[in-house]
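>>> predicted model and sequence follow; I will ask about them next.
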Amino acid sequence: MDGTKADEIALALEEAIVSGELAPGSVLRQEQVSAQYEVSRTPVREALRKLQASGLVELRPNRGALVRGLSSREVRDAYEVRAELEGLGAELAALHVHHEHIDRLRQAQEQFQAALADAVAAREAGTELSQEVSDRWGRANDLFHQAIQEAAGNEVLTATLAHLHRSFPRDLTRTMLRESTMLLQENVREHEAILAAIERRDAAAARELMVAHVRRAGSLVTRRLDRRDHQ
């Protein structure tokens, strides 16, 4: 339970930092965050450690966590690297994919589409996208990318991507996608195109589509950070 709470708090704080609600230089104190989210300090400490690993905050003994933020250049650089790595993964997956990987990719797409339908319904009803729906498409997205890495069958590639994800926030696009069902729909269509290329074993197309998909996500985040920095 604490692990789930820590993830929720880390995501909420991450979104606040990326959006500019929490400006660089702001101090996050455990007792204040605990009171805000009505939890004990244990999940708060874990959430702050996650943000430190992502480079978003700097933990200072007995002085709380200092919001560091991320520059648009840092985000752009990280997404450029991730795009090439995931593009290679999609290329290799198209060459080596098996039926069980295709089944997992289709399962991820079905989960994605179900979450999207709920998001559209919420928007049409004039309500905000719930955390539960956001978490569902987040899990579906993870499942999709993990299935591609498994199909690629390259352990060095998988380990390198895992290291990148541990050292850099991988959910930065959630803030933007939560605000627009149109962006969510485009995200689903991009996954469908990647899946189709992998299914027909078109390695070049799979790589090109994946690189464009990840670069587009990075572009969304860098534009948001640029707006934040010029406020």
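Ah, there it is. Residues are numbered from 1 along each chain as shown.
>>> which residue ranges of the chain form strands?
27-28, 57-60, 64-67 (DSSP state E).
>>> report the buried residues of the second one.
By neighbour count, with 16 or more other CB atoms under 10 Å as the criterion, the buried positions of strand 57-60 are V57. Quick note: C-beta positions are derived from backbone N, CA and C, even for glycine.
>>> ok, back up a step: a markdown table for the strands of the chain, including mean pLDDT and distance to D135?
Converted to a markdown table, the strands of the chain look like this (pLDDT from 0 to 100; distance: least, CB to CB, whole Å):
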| stretch | mean pLDDT | distance to D135 |
| --- | --- | --- |
| strand 27-28 | 92 | 23 |
| strand 57-60 | 88 | 22 |
| strand 64-67 | 88 | 24 |
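>>> relative to E86, which of the ones you listed is closest?
Closest to E86 of the strands of the chain is strand 57-60 (CB to CB; 26.4 Å).
>>> off-centre distance for that closest one?
Averaged C-alpha coordinates place strand 57-60 at 22 Å from its chain's average position (CA atoms, centre = their mean, to the nearest Å).
>>> in its sheet, what does it sit against?
Its sheet considered, strand 57-60 pairs with strand 64-67 (antiparallel) by DSSP bridges.
>>> what distance separates the strand it pairs with from the centre of its chain?
The answer for strand 64-67 is 22 Å, by CA atoms, centre = their mean.
>>> could the C-alpha coordinates of that strand be exported in CSV?
Provided in CSV are the C-alpha atoms of strand 64-67 (Å, rounded to 0.1, in the frame of the first residue of the first chain):
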residue,chain,number,x,y,z
GLY,A,64,13.5,19.0,3.3
ALA,A,65,13.7,18.5,-0.4
LEU,A,66,14.6,21.4,-2.7
VAL,A,67,12.8,21.4,-6.0
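>>> measure how buried L225 is and give me the count.
By the criterion of other CB atoms under 10 Å, L225 has 23 neighbours.
>>> D103 too?
11.
>>> I'd like to know how far it sits from A114.
D103 sits 17 Å away from A114, going by CB to CB, to the nearest Å.
>>> sorry, back to before: make TSV out of the strands of the chain and add distance to L88.
Shown next, in TSV, are the strands of the chain (distance: least, CB to CB, whole Å):
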stretch	distance to L88
strand 27-28	37
strand 57-60	31
strand 64-67	34
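>>> got the domain ranges for the chain?
2-67, 72-229 (automatic domain parsing).
>>> quick revisit: which one of the strands of the chain lies closest to A162?
strand 57-60 (21.6 Å).
>>> closest one to I17 among the strands of the chain?
Closest among the strands of the chain, using CB to CB: strand 64-67, at 5.8 Å.
>>> enumerate the positions of stretch 4-24 that are buried.
For stretch 4-24, by 16+ other CB under 10 Å, it's 5-11, 13-18, 20, 22, 24.
>>> helices - which of those residues land there?
5-11, 13-18 (DSSP state H).
>>> got the contact list for stretch 76-87?
Defining contact as CB atoms under 8 Å, 6 or more residues apart in numbering, one finds that stretch 76-87 is touched by 145, 148, 157, 160-161, 164, 168, 207-208, 210-211, 213-215, 217-219, 221-222.
>>> that one: how far from the chain's middle?
13 Å.
>>> give me the buried positions along that stretch.
Here stretch 76-87 shows R76, A78, Y79, R82, A83, L85, E86, G87 as buried, counting by 16+ other CB under 10 Å.
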